[in-house]
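1. Provided below are the primary sequence and the corresponding predicted coordinates.
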Amino acid sequence: MSVPENNGDFTDLLIIGGGPAGMFAAFYGGMRQASVKLIESMPQLGGQLAALYPEKYIYDVAGFPKVTAQELVNNLNEQLKLFNPEIRLEEKVQHVEKQDEHQFIVTTDKAVHHAKAVIITAGVGAFEPRRLELDEASRFESVNLHYFISDLNQFKGRKVLISGGGDSAVDWALMLEPIAQQVTLIHRRDKFRAHEHSVENLYASGVKIITPTEITALHGTDRIASVTLSDVKTKETQEIEVDDVIVNFGFVSSLGPIAEWGIEISSNSIVVDSRMETSIPGIFAAGDITTYPGKLKLIAVGFGEAPTAVNNAKVYIDPEAKLSPGHSSNLKL
Ligand SMILES: Cc1cc2nc3c(=O)[nH]c(=O)nc-3n(C[C@H](O)[C@H](O)[C@H](O)COP(=O)(O)OP(=O)(O)OC[C@H]3O[C@@H](n4cnc5c(N)ncnc54)[C@H](O)[C@@H]3O)c2cc1C
């Protein structure tokens, strides 16, 4: 099956956001013989799965009894490459404007794109980690202060300090314990908010736990060599040597520029109808970013919404086209 060339400068489908919903939409657009451009602000595809929990297991995606988030992203990548969509990484969409039916101008921080239809799969919006509120923190960010983890092995044989009390902090501590030389987990409260079972495993593990404690200073020139920890109640301090500091205070997200594109928004999400079309004809949405009565923010749900958005976008672009894609099992790929 061949993918048609762009008609002039106009891509058939421009997809904003390369999380699981956007990746599957990109594959599906190719399957519907649409030309596809996918724009993602992060350096990698995969959305929350790749950025926030690549090594965690997911159990509720159909057909996968158990799969790590990164494996699922790798599979989505392999699947979407069947149709060679244009993927643009590290490019953030700032503005979408409808000029006329089938004519959208999408402006990013790097270029201006033209599309016949737009599908927004921007998840929770462009997300950022909640940062350590210390003046000196920013200069260690690209060195040994981590808010995201992409490869557990980078911590092999190292002294790692993790700060945070939720699931991510506890999970990272447990996963790093057999790899790192030493893992210390601190939290500003006495109790961890993580899943009960994980907390039980934590106390049974070799992770050193210090609570209620917070980081009050980072020391080092080129990299953090030690940190000052302060007891939240007694204010007593201690300095410990570290090779790496991982901060897991969760992340903040906002729709950012999306809220200014004139699309109907409700509770920080994009309102869609049963065709996954937004209040602007020709702009569709899928995945965590959408809202409608009964909406669930799950990967499996995004995997259903993406084909609905793509098939309806196909009909928007070409009203003669069939809504139903037919069965993929009839394809010869
Ligand atoms: C720790 C954790 C565990 C989870 N476990 C599960 C689970 O077990 N099962 C499950 O079903 N769900 C789980 N989820 C939820 C699941 O990850 C989300 O439902 C899913 O990622 C939503 O996919 P998405 O493609 O809609 O959005 P996202 O994954 O959020 O991807 C959206 C992408 O759009 C990009 N983007 C946003 N704005 C712009 C812009 N302006 N320009 C360019 N790019 C942009 C973002 O950078 C991001 O990469 C979990 C979430 C977390 C945080």
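-> Looks like it arrived, so ask away. Predicted model only: the values in this text are computed from it and were never measured. Residues are numbered from 1 along each chain as shown.
2. now Phe140: closest residue in space that isn't a chain neighbour?
-> Nearest non-adjacent residue to Phe140, counting by C-beta to C-beta, 6 or more residues apart in numbering: Ile224, 5.1 Å away. For the C-beta atoms, the positions are set from N, CA and C on the backbone; glycine is no exception.
3. surely Glu277 meets Ile283?
-> Yes - Glu277 is within contact range of Ile283, at 7.3 Å (criterion: C-beta atoms under 8 Å).
4. those two - which one has more neighbours?
-> Ile283 (26 against 21; other C-beta atoms under 10 Å).
5. show me the contacts for the more buried one.
-> Under the criterion of C-beta atoms under 8 Å, 6 or more residues apart in numbering, the neighbours of Ile283 are 96, 98, 104, 117-120, 261, 263, 277.
6. residues touching Ile265, list them.
-> Going by C-beta under 8 Å, 6+ apart, Ile265 touches 255, 258-259, 271.
7. if any of those are buried, put those into a PyMOL selection.
-> Applying 16 or more other C-beta atoms under 10 Å to these, the buried members can be selected in PyMOL as follows:
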select buried, resi 255+258+271
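8. check contacts around the residue nearest to Phe140.
-> Taking C-beta under 8 Å, 6+ apart, we find Ile224 in contact with 140, 143-145, 218, 242, 244-245.
9. and the strands in the stretch 1-150 of the chain, which stretches?
-> With DSSP state E, counting those that start in this stretch as the criterion, the stretch 1-150 of the chain has strands at 10-16, 36-39, 57-58, 67-68, 86-88, 93-100, 103-108, 112-120, 126-129, 145-146.
10. chain center to the first one: distance?
-> So the one you mean is strand 10-16. Distance of strand 10-16 from the chain centroid (C-alpha atoms, centre = their mean, to the nearest Å) equals 20 Å.
11. for it, name the packing helices and strands.
-> Under the contact definition 3 or more C-beta pairs under 8 Å, 6 or more residues apart in numbering; DSSP states H and E, strand 10-16 sits against helix 20-31, strand 36-39, strand 103-108, strand 112-120, helix 299-317.
12. pLDDT on that strand, on average?
-> On average, the pLDDT along strand 10-16 is 97.
13. flag every residue of this protein that's near the ligand.
-> 16-22, 39-42, 47-49, 52-53, 58, 60, 92-93, 121-126, 168, 287-289, 297-300, 302 (C-beta under 6 Å from any ligand atom).
14. which among those count as buried?
-> Taking 16+ other C-beta under 10 Å as the criterion, what is buried in those is 16-22, 39-42, 47-49, 52-53, 58, 93, 121-126, 168, 287-289, 299, 302.
15. shaky segments in the stretch 151-300 of the chain?
-> 253 (pLDDT under 70).
16. pick the most deeply packed of the helices and strands packed on strand 10-16.
-> Mean neighbour count (mean count of other C-beta atoms under 10 Å) peaks for helix 20-31 among these, with a mean of 29.
17. helices and strands around that one, which ones?
-> Contacts defined by 3+ C-beta pairs under 8 Å, 6+ apart place helix 20-31 against strand 10-16, strand 36-39, helix 47-52, helix 69-80, strand 112-120, helix 299-317.
18. what sits up against the first one?
-> Contacts made with strand 10-16 from outside it, assessed by C-beta under 8 Å, 6+ apart, are listed as 4, 6, 22, 25-26, 29, 34-39, 86, 93, 96, 102-104, 106, 113-122, 310, 313-314, 317.
19. repeat that for stretch 294-313.
-> Stretch 294-313 has contacts (C-beta under 8 Å, 6+ apart) with 13, 19-22, 24-25, 28-29, 32, 34, 49, 58, 60-62, 72, 117, 119, 121, 269, 274-277, 282, 284-288, 290, 323-325.
20. do that again at 7 Å, thanks
-> Stretch 294-313 is contacted by residues 13, 20-21, 24-25, 28-29, 32, 58, 60-62, 117, 119, 121, 275-277, 284-288, 290, 323, 325 when judged by C-beta atoms under 7 Å, 6 or more residues apart in numbering.
21. gap between the two ends of stretch 88-102?
-> End-to-end distance of stretch 88-102 (C-alpha to C-alpha, to the nearest Å): 21 Å.
22. before we move on, what about stretch 192-207?
-> Terminal residues of stretch 192-207 are spaced 14 Å apart (C-alpha to C-alpha).
23. could you list the domains of the chain?
-> As assigned by automatic domain parsing, the chain contains the domains 10-127+252-330, 131-249.
24. just the ones you listed: most buried one?
-> Across these, the average number of neighbours (mean count of other C-beta under 10 Å) peaks for domain 10-127+252-330, which reaches a mean of 19.
25. endpoint to endpoint, it covers what distance?
-> Distance across domain 10-127+252-330, first residue to last, is 29 Å (C-alpha to C-alpha).
26. so how far is it from its chain's centroid?
-> Put simply, domain 10-127+252-330 sits 12 Å off its chain's centre (C-alpha atoms, centre = their mean).
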